[in-house]
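In: can't give you the sequence, but here's the structure:
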Ligand SMILES: Nc1ncnc2c1ncn2[C@@H]1O[C@H](COP(=O)(O)OP(=O)(O)OP(=O)(O)O)[C@@H](O)[C@H]1O
Ligand SMILES: Nc1ncnc2c1ncn2[C@@H]1O[C@H](COP(=O)(O)OP(=O)(O)OP(=O)(O)O)[C@@H](O)[C@H]1O
Ligand SMILES: [Mg+2]
Ligand SMILES: [Mg+2]
């Protein structure tokens, strides 16, 4: 037992590159391992068609997790994503109600609404000075209640062709997933090359220092939760396209699930360390894992055990001094 | 240039500032002095817009200003180097220097290359060589302080406030800093300089303002003041001897209590040996970054040693844990009180008893009354400014936190007490008390190892001195050999080269 | 009060109408799906988690085992009650090249687009126990949720002679089985002005939660409660417990409705609770395999298979519309746990925790 | 060293009394959760008269106890700087294990042994992951939650079934002269936890570890063991809570304890336990649990629909947490 294990004492210098390589390396390694195993299990696993399916299936998780990555990078977390997606998805299909003319205005409105809800989260966190985990759990409950107030059953529907967002493919490549990929590349670029991006890292690294430095800590905190809301809205619209309607519990699973790709992708829950590309790879890994488990032909319960163990394996590869 | 008046600020339970005033002209270096907890840092934070005053007025030039957040103050040309580091451990040096005002290219995107180039230039001008692409957490504390200073050098501020900037640097770096500050003064910058090292104030500053208990006491030109008048103003009494004399001469043939042999720790400590004697204060001097803290940490068991043995009271250890060290009667006042010393969200009482919990045991219970009583005793004897044993450590001033830490270990050790920079950030009054405590402990037969970067302290307190340079011990000085020159000689490159 | 159970003397509402007010006959031509064996069949399950779904899955596996000769492979996926995962599962099954897919949809609407797509790809889909909202499938095998809801409601109305206070004890708010049973029931109640719905509460299908919410309801209304309409049997023991603990003596506890599981049946007898049990037989899962083989052989099939639900009422509590198919006292199994399924066709030796099937996979 | 060996440095000047009286707002923040609890009690009593009936209060206690037991463990983990998301899974697994022993009084011992083993083992794995591998607590416990759920499914083949022996029914839902029996279980556990956390040396070590782990290591505290210990404690308490909750209703199923993982965290935090570790009290956390349950019960009695129940829960969480705003 040594103190060094938990402090930032300088051991060896210039570990900048290796650290990032390690971070993404583990996800990539796991992806490779599962691919190899999958090919051993079934000859259909290794087909291009299957990988294109997995690519498409990563879309929703990748979308929510992007917003989650931002909140986690600032040292927070957004546990209202699930309820927010539920509410926004019932509203989307409920208001559109299969009327083609309403698609664009409603989607625009939902995106704005998502940002407003996210902003409210951000304001509550900044004003109340309560840990985001608690605030967003609270607002999450409120949003879930509102979703059920709006409807207890799947609501409304969407016109034909709307499902192109979710199932559309050009040259066999999922359009939705590709848009998400592009969003990620853009986000990664912005996070590195804009002041806002660097400031988000700084806040998570040392919030107090960020305040002293005069960084717009409050504004940025509100911004990341607003962005998380925006991405929830996009996820909700995507799910409506994929499900053909909105469900009052459509998002329930995403609350905790959205955290997994973030962390598996090497972003530390204590904030300030990590990156969005890791999250994207994390989402791919999880989609691939689900697919692999389906090919494995073992019973559900064994699948759960395997899934948990793989998460444990992945996360125990990262050390995180601080709590999260 | 900058003047504040009638500033009042209350924290829950504490009136930190009770009507302070301060006036700084352009092109002067103005010292702000006062005891620990006098309110210097609070005033700094108010001027910088981090906290808003309950009452009072800030004028910048002619205009009355009111900040809503630090960004505004910054935009108005006020730059502050805070007592605590404002650094982001996982960002690079260059990013840290430029954060909040990164250079951009034509597309409005950050220009990392330019930031790195300019950071390198600034650091060169400050005379330190630091890899600007490194994460700041990998730097030594001294280098981190230089990065902190570099941040103030990007563009010329109107007002520059430095809150104990030399607490973790010494020697050449201090000189370089002073040179820069004098140059800024010539450029017409108004500089507020806060320090507990009085020599620095006499060497650098033009005028000074003394505050005490949150109130303005005096503003005077430095020229014409003496050390003693300054101390009297600050503390409200004479301090005849900063370094108390021996009450009785140290033992001539003292017992060896602790022996460290050929200690290796990474690339920082390369085979150091030392002996500590009962009743003797042993100084461990050296340049910042010479590896003194690592050596002490390894002896205490806080860092794993790759090679070497530690012998305490006849028992030899190749590996040792803090638990073992403590049970053998070793105490360790760490230099980084926030990161390695105190539990900030716990009250004073809990922090003091933390290392000697057995003394507040009653049966299976913790004796809360005894703990409280002990804390009250220490608060009185160390003059810790607080509301009582229940005060949260996080709400206390830096110097008072240091006293809490010393109080903890003074109670816990009975053979050896290691003090790493024991008076860092501590005011003269308290400093004298800490020195007397050290003497008292030594008189009771405790061996003391004092790591210090302050030469007067090393010379004034030590009975023996080890000097370290770049991970090795370069010399041992006994009694009369201990002079500032001798220590500097052993500690610096020049001699080796000669 | 109770009528002799002679068919000639049946005076209740027409049962067919209660079963399905919009009944039409429809036959589906499946010749285009005709294929030579052996077959690979995919089953996308919504999820496990309660005893009903476990037994049902065992029935399905048993069905596959019985037809090992023609079924080369049965691939089962489990979505863990997650729509997004089930959509992916269906996609994966399609890309694994199954000849036919059986889907038990987690939610009606969410699975609609993907099942529609799979059908369009030319893979026949059979909906099992939970359908999709459109009719883009070959056939739907089920016991009717609305029918159960209506029959329960009708029984309560008749027992109360059109006057009394009812508490609705749902499953999970917003979940389709719960809503699909509760809404038709409300329609029935709405026809009788003398019936008051005191409260609608949700149990999340759990006896624990069921007990918690019913305790609160009892604290509020006490003996004013005349009947508890419950959307399933899982939460009923919690409810009855709550009444017992509130000091209701045997014979004082209001009537309850239930389905499928053992516990409520035993408690009904122990505490003299009037009770109507309507089962949702899991054997429909075995039927699904038979129907699948029919489809793959190109035989015409009906658009829906509604399996017959077995009805049983505590002795003396039959009403004009509701008569027992089997004696109530013969149904409960005193040595079996509370959530043990009383209606299954796997035989007396079947034990869900040790069941083992040699289905082809 | 002996305490009196400290050199007494008498001050020449007496410190000017700059300490002002503790402000009212401080005290309000400190006792916020209790004030909140009392207010909620009064409001509920006014809004729904049946709320204050002896029967309802007794029900309320019966229902709160399992959550309260979990919250004790959760609070301890949070105080030492962690988080435990696996509690609900432990509860269900422990309760399910209990159903394997139908029978008389003797079975109680067996059930306790088995379920405590499950809770303890899960806690141990969590603790080892967090302390030795430095995995973030959120993830370590999330992963063990999933694994445990898988194992439970594998063991029960997807649908646990069965009841607990009658004696546990008494513990879970019995009353004695109108006083719930499980309150006694809670009382014993709460007093023990309170004693350990607030009145022993060990408790102090827990707090310091939670407040500053590096310091705790330098103080020679067995930090790893303390962290592991907190997770084991949480696992054991969750197991007990699982059995008690199992005994509350008749059937044990996969739903036992569902939602408790987040509810217990919320309860602890609105009860004043700092998520950053090193701060909080057991009684506060218990009051937090009571507030949560009370709010749910009040809504039911008011006859508001389920949606409002969920909304109100959220509002209560945010409001209660907001009471801890520190200046
Ligand atoms: N956030 C806070 N909450 C409560 N009290 C505070 C807070 N910050 C400072 N104080 C109190 O205000 C007083 C002034 O503190 P300040 O840090 O300004 O002193 P200082 O002069 O900088 O001392 P030092 O020389 O030790 O750094 C102290 O009594 C301190 O305990
Ligand atoms: N990057 C860092 N992060 C955290 N702590 C550091 C860092 N660098 C150094 N330290 C701390 O500062 C101490 C000082 O290390 P340094 O190499 O400067 O040796 P030193 O001779 O002890 O100098 P000092 O005069 O600061 O005591 C280290 O023991 C460590 O505790
Ligand atoms: Mg200060
Ligand atoms: Mg040092």
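Out: Received the coordinates, thanks. This structure is a prediction, so every number in the text was calculated from the model and none was measured. Ligands and ions are numbered 1, 2, ... in the order given.
In: give me the number of residues near the closest residue in space to residue C:131 that isn't next to it in sequence?
Out: What sits nearest to residue C:131 in space, not counting adjacent residues and going by C-beta to C-beta, 6 or more residues apart in numbering or on different chains, is residue C:140, at 4.7 Å. Every residue, glycine included, has its C-beta placed from N, CA and C. Residue C:140 has 20 neighbours, counted by other C-beta atoms under 10 Å in any protein chain shown.
In: If I look at residue D:105, what pLDDT would I see?
Out: Per-residue pLDDT puts residue D:105 at 61.
In: Quick check: buried residues in stretch C:173-191?
Out: For stretch C:173-191, the buried set under the neighbour-count rule, 16 or more other C-beta atoms under 10 Å in any protein chain shown, comprises C:173-182, C:184-186, C:188-189.
In: hmm, the helix or strand containing residue B:283 touching ligand 4?
Out: Secondary structure from DSSP states H and E places residue B:283 in strand B:281-286. No: counting by C-beta under 5 Å from the ion, ligand 4 is not contacted by strand B:281-286; separation bottoms out at 9.0 Å.
In: What distance do you get for residue C:189 to residue B:86?
Out: 67 Å (C-beta to C-beta, to the nearest Å).
In: who's in contact with the residue in chain B that ligand 3 sits nearest to?
Out: Nearest residue of chain B to ligand 3 (C-beta to the ion) works out as residue B:41 at 3.1 Å. By C-beta atoms under 8 Å, 6 or more residues apart in numbering or on different chains, the contact list for residue B:41 reads B:82-83, B:163, B:194, B:397-398.
In: Quick check: it vs ligand 4, distance?
Out: Between residue B:41 and ligand 4 the distance is 22 Å, computed by C-beta to the ion, to the nearest Å.
In: Confirm for me that residue D:193 is in contact with residue D:71.
Out: No: with contact defined as C-beta atoms under 8 Å, residue D:193 and residue D:71 do not form a contacting pair (10.0 Å).
In: Strands of the stretch 51-200 of chain A, residue ranges please.
Out: With strands called from DSSP state E, counting those that start in this stretch, the stretch 51-200 of chain A shows them at A:169-170, A:173-174.
In: do you know which of those lies nearest residue B:116?
Out: strand A:173-174 (38.9 Å; C-beta to C-beta).
In: The closest one pairs with which strands, and in what direction?
Out: Strand pairing for strand A:173-174, using DSSP bridges, gives strand A:169-170 (antiparallel).
In: quick one: low-confidence parts of the chain?
Out: In the absence of a named chain, this looks at chain A. Along chain A, the parts satisfying pLDDT under 70 run over A:1-20, A:300-301, A:314-324.
In: Sorry, I should have been clearer: chain B.
Out: Applying pLDDT under 70 to chain B flags residues B:237-240, B:493-498.
In: which SS state does the residue nearest the centre of it fall under?
Out: By C-alpha atoms, centre = their mean, chain B has its centre lying nearest to residue B:424, at 3.0 Å. Three-state call for residue B:424 (DSSP: H, G, I helix; E, B strand; the rest coil): coil.
In: Which parts of chain D are helices?
Out: For chain D, the helices defined by DSSP state H cover D:24-30, D:32-47, D:54-79, D:87-98, D:106-132, D:137-156, D:166-173, D:182-199, D:201-211, D:213-218, D:223-248, D:260-270, D:282-302, D:306-322.
In: who has more neighbours, residue D:193 and residue D:71?
Out: residue D:71 (34 against 22).
In: name the helices or strands packed onto the helix or strand where residue A:208 lies?
Out: Taking DSSP H and E as the criterion, the element that holds residue A:208 is helix A:207-212. Here helix A:207-212 touches helix A:195-205, helix A:217-243, going by 3 or more C-beta pairs under 8 Å, 6 or more residues apart in numbering or on different chains; DSSP states H and E.
In: possible to save those helices as CSV with distance to residue B:251 and mean neighbour count?
Out: What follows is those, written out as CSV (distance: least, C-beta to C-beta, whole Å; neighbours: other C-beta atoms under 10 Å in any protein chain shown):
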stretch, distance to residue B:251, mean neighbour count
helix A:195-205, 50, 24
helix A:217-243, 56, 26
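In: now those in TSV, with distance to residue B:324?
Out: Converted to TSV, the helices and strands packed on helix A:207-212 look like this (distance: least, C-beta to C-beta, whole Å):
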stretch	distance to residue B:324
helix A:195-205	35
helix A:217-243	43
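In: closest one to ligand 1 among the ones you listed?
Out: In terms of C-beta to the nearest ligand atom, the element of the helices and strands packed on helix A:207-212 nearest to ligand 1 is helix A:217-243, at 16.8 Å.
In: what's the most buried one of the strands of the stretch 51-200 of chain A?
Out: Neighbour counts (mean count of other C-beta atoms under 10 Å in any protein chain shown) averaged over each of the strands of the stretch 51-200 of chain A peak at strand A:173-174, with a mean of 18.
In: How far off centre is that one?
Out: With C-alpha atoms, centre = their mean, to the nearest Å as the basis, strand A:173-174 stands 20 Å off its chain's centre.
In: again, but for stretch B:188-206
Out: Relative to its parent chain, stretch B:188-206 has a centroid offset of 16 Å by C-alpha atoms, centre = their mean.
In: okay, how far is it across that stretch, tip to tip?
Out: 13 Å (C-alpha to C-alpha, to the nearest Å).
In: Return the set of buried residues in that stretch.
Out: By 16+ other C-beta under 10 Å, the buried positions in stretch B:188-206 come out as B:189-198, B:200-202, B:204-206.
In: how about the closest residue to residue B:141 other than its chain neighbours, what does it touch?
Out: In space, and not counting its chain neighbours, residue B:141 is closest to residue B:168: 4.8 Å by C-beta to C-beta, 6+ apart. By C-beta under 8 Å, 6+ apart, the contact set of residue B:168 is B:141-142, B:144-145, B:288, B:421, B:424, B:453.
In: Great, nothing more from me.
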